[in-house]
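**Student:** sequence first, predicted model second:
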Amino acid sequence: MTDALVDRIYEASLVPEHWPCLLEDLACLSGSVGGVMFATDTGTLTRWTAAATTRQMVVAYTENSDVPPNDRPRFLRRRNYLGFLREIDFLPPGHLDHDPIQLWLRTWGLGWQCGTMIPMPSGELVIMSFDRPYERGPHAASLMPRLDALRPHLARAAMIAARLGLERARTAVATLEALGLPAAVLDGAGRALAVNGLVAGTPEMLTGAYGRLRLNHPPADALLREALGAGWIGGAVRSVALPSSGTRSASIVHVLPLCREAQDVLGGATLVVLTHLKADANIPDAALLPGLFDLTPREADIVVGLAAGHSLHDSAAAAGLTVATARSYLESIFRKTGTHRQGQLVALVKGRSGIQGEARPDPA
């Protein structure tokens, strides 16, 4: 059984969709009913995969804003133990008496966990955690050596998968450089894993502390951070607009998950590609706007109307919308494009310098 598991561990490092079934078998080995593996540098589950038996629970945890914060990774990291531990082994005495995570797990019929933490070269941590029903009591200490015997193989498999992901990242940015596009691959904290040579000469992209890549426009940079925090989940693609200024032209930063499968926790990262907008007095194409700015078709209609010089009232009428609905769409458009006024929005989509000076109310 152990030899077969070792073989499957290394297979999963190359074929990430094998992880869920492997986690289920490892759960059985430890007297658990399911498990999860996630990569993080903050304790947040941004990239994860889980056994089918606990997947619904993990989805609920990641998507429910009412879930209590989980401080277990912090205590596990503090122990710095190269093996599997039960929560009763690494949490402070009396902590479980008021632990909100255990109370939340009990709503799912669970309540006891064991896990391990594997440091990665990128600075991230890979955490594997296995869940046991509350009614059965804590994991038996005698079962931890079974998982410990496999941990060196799990650690090596994680390193292999991460290395493959890094090579894939380097290939991606090199290919985009040949196409004349500045590009970088970032981890969840915004640190650059791979950057092509065009980024250094791009005023839109700057390197900050700890190797983090940032955009040279605070509202756009805030949108990039938001995309890095949530864009990987579900494989969503985002676009972030940067208006023109005295040192840069208007541009779009496309944010794409760089992963082969949804289960590619260890090789997953985010590809950031910059494209410039050509200054143009023409009205933007409604078919092009959704791809550039993540707009809905109705939002694109509003932008086209405003760019044509129409008021919001007339743009709404042309799109078959009420003014109240159009205003709601406009607020969403502002958020997606990082603009605050209609004049700034029109200047952005036409690739021209934004309007400077006092903010004035835009005509309705």
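**Tutor:** Looks like it arrived, so ask away. Residues are numbered from 1 along each chain as shown.
**Student:** so where do the strands sit in the stretch 201-350 of the chain?
**Tutor:** Remark: strands assigned in the stretch 201-350 of the chain by DSSP state E, counting those that start in this stretch are 205-207, 213-215, 238-242, 251-258, 269-276.
**Student:** out of these, deepest packed?
**Tutor:** strand 238-242 (a mean of 24; mean count of other Cβ atoms under 10 Å). Just so you know, the C-beta spots here come from the backbone N, C-alpha and C atoms, and that holds for glycine as well.
**Student:** what's the angle from it to strand 251-258?
**Tutor:** 160 degrees (axes from the mean of the first three to the mean of the last three Cα atoms, to 10 degrees).
**Student:** how about the strands of the stretch 201-350 of the chain, which one is nearest residue 160?
**Tutor:** strand 269-276 (15.7 Å; Cβ to Cβ).
**Student:** looking at the closest one now, give me its mean pLDDT.
**Tutor:** For strand 269-276, the mean pLDDT works out to 80.
**Student:** any low-confidence regions in the chain?
**Tutor:** In the predicted model, the chain carries pLDDT under 70 at residues 1, 41-46, 122, 229-237, 246-248, 258-268, 277-288, 291-292, 351-364.
**Student:** now the farthest one out in it, which residue is it?
**Tutor:** Distance to the chain centre peaks in the chain at residue 314, reaching 38.4 Å (criterion: Cα atoms, centre = their mean).
**Student:** in a markdown table: the strands of the stretch 201-350 of the chain, plus distance to residue 30.
**Tutor:** As requested, these are exported to a markdown table (distance: least, Cβ to Cβ, whole Å):
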| stretch | distance to residue 30 |
| --- | --- |
| strand 205-207 | 43 |
| strand 213-215 | 39 |
| strand 238-242 | 38 |
| strand 251-258 | 31 |
| strand 269-276 | 30 |
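**Student:** what about residue 297, distance to residue 330?
**Tutor:** From residue 297 across to residue 330, the span is 15 Å (Cβ to Cβ, to the nearest Å).
**Student:** so the protein: which segments form each domain?
**Tutor:** Structural domains assigned to the chain are 2-162, 282-364, following automatic domain parsing.
**Student:** show me the contacts for the closest residue to the residue farthest from the centre of the chain other than its chain neighbours.
**Tutor:** Among residues not flanking residue 314 along the chain, residue 305 sits closest, at 6.7 Å (Cβ to Cβ, 6 or more residues apart in numbering). When the contact criterion is Cβ atoms under 8 Å, 6 or more residues apart in numbering, the partners of residue 305 are 312, 314, 315, 316, 318, 319.
**Student:** mind doing that once more with 7 Å?
**Tutor:** Counting by Cβ atoms under 7 Å, 6 or more residues apart in numbering, residue 305 touches 314, 315, 318, 319.
**Student:** and for the second one, the neighbour number?
**Tutor:** Counted with other Cβ atoms under 10 Å, the burial measure for residue 315 works out to 24 neighbours.
**Student:** nearest residue to it other than its sequence neighbours?
**Tutor:** residue 305 is the one closest to residue 315 (Cβ to Cβ, 6+ apart), at 2.8 Å.
**Student:** the one you found and residue 317, how far apart?
**Tutor:** Per Cβ to Cβ, residue 305 is found 9 Å from residue 317.
**Student:** and residue 311, by the same measure?
**Tutor:** Counting by Cβ to Cβ - residue 311 and residue 317 are separated by 9 Å.
**Student:** which SSE is immediately downstream of the longest helix along the chain?
**Tutor:** In the chain, taking DSSP state H as the definition, the longest helix is helix 144-178. Remark: after helix 144-178, the chain's next helix or strand is strand 183-186, criterion DSSP states H and E.
**Student:** returning to that earlier point: which one of residue 297 and residue 330 is surrounded by more residues?
**Tutor:** Per other Cβ under 10 Å, whichever of residue 297 and residue 330 has more neighbours is residue 330, with 20 against 11.
**Student:** dump the residue contacts of the more buried one.
**Tutor:** 302, 312.
**Student:** next: residue 100.
**Tutor:** residue 68.
**Student:** quick thing: my sequence starts at 431, can you match it?
**Tutor:** With the count now opening at 431, the last piece we talked about shows up as residue 530.
**Student:** chain center to stretch 556-564: distance?
**Tutor:** Centre-to-centre, stretch 556-564 and its host chain are 22 Å apart (Cα atoms, centre = their mean, to the nearest Å).
**Student:** ugh, wrong one, stretch 735-745
**Tutor:** With Cα atoms, centre = their mean, you get 35 Å for stretch 735-745.
**Student:** now the strands for the stretch 481-630 of the chain?
**Tutor:** 515-516, 540-549, 555-563, 613-616, 622-625.
**Student:** helices along the chain, start to end?
**Tutor:** Using DSSP H, the helices found in the chain span residues 432-444, 449-459, 485-493, 502-509, 517-520, 530-536, 574-608, 648-660, 719-723, 727-737, 742-748, 753-767, 772-779.
**Student:** for these, give me JSON lines that also has distance to residue 637.
**Tutor:** Formatted as JSON lines, the helices of the chain follow (distance: least, Cβ to Cβ, whole Å):
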{"stretch": "helix 432-444", "distance to residue 637": "31"}
{"stretch": "helix 449-459", "distance to residue 637": "33"}
{"stretch": "helix 485-493", "distance to residue 637": "30"}
{"stretch": "helix 502-509", "distance to residue 637": "27"}
{"stretch": "helix 517-520", "distance to residue 637": "37"}
{"stretch": "helix 530-536", "distance to residue 637": "37"}
{"stretch": "helix 574-608", "distance to residue 637": "14"}
{"stretch": "helix 648-660", "distance to residue 637": "13"}
{"stretch": "helix 719-723", "distance to residue 637": "25"}
{"stretch": "helix 727-737", "distance to residue 637": "32"}
{"stretch": "helix 742-748", "distance to residue 637": "40"}
{"stretch": "helix 753-767", "distance to residue 637": "25"}
{"stretch": "helix 772-779", "distance to residue 637": "25"}
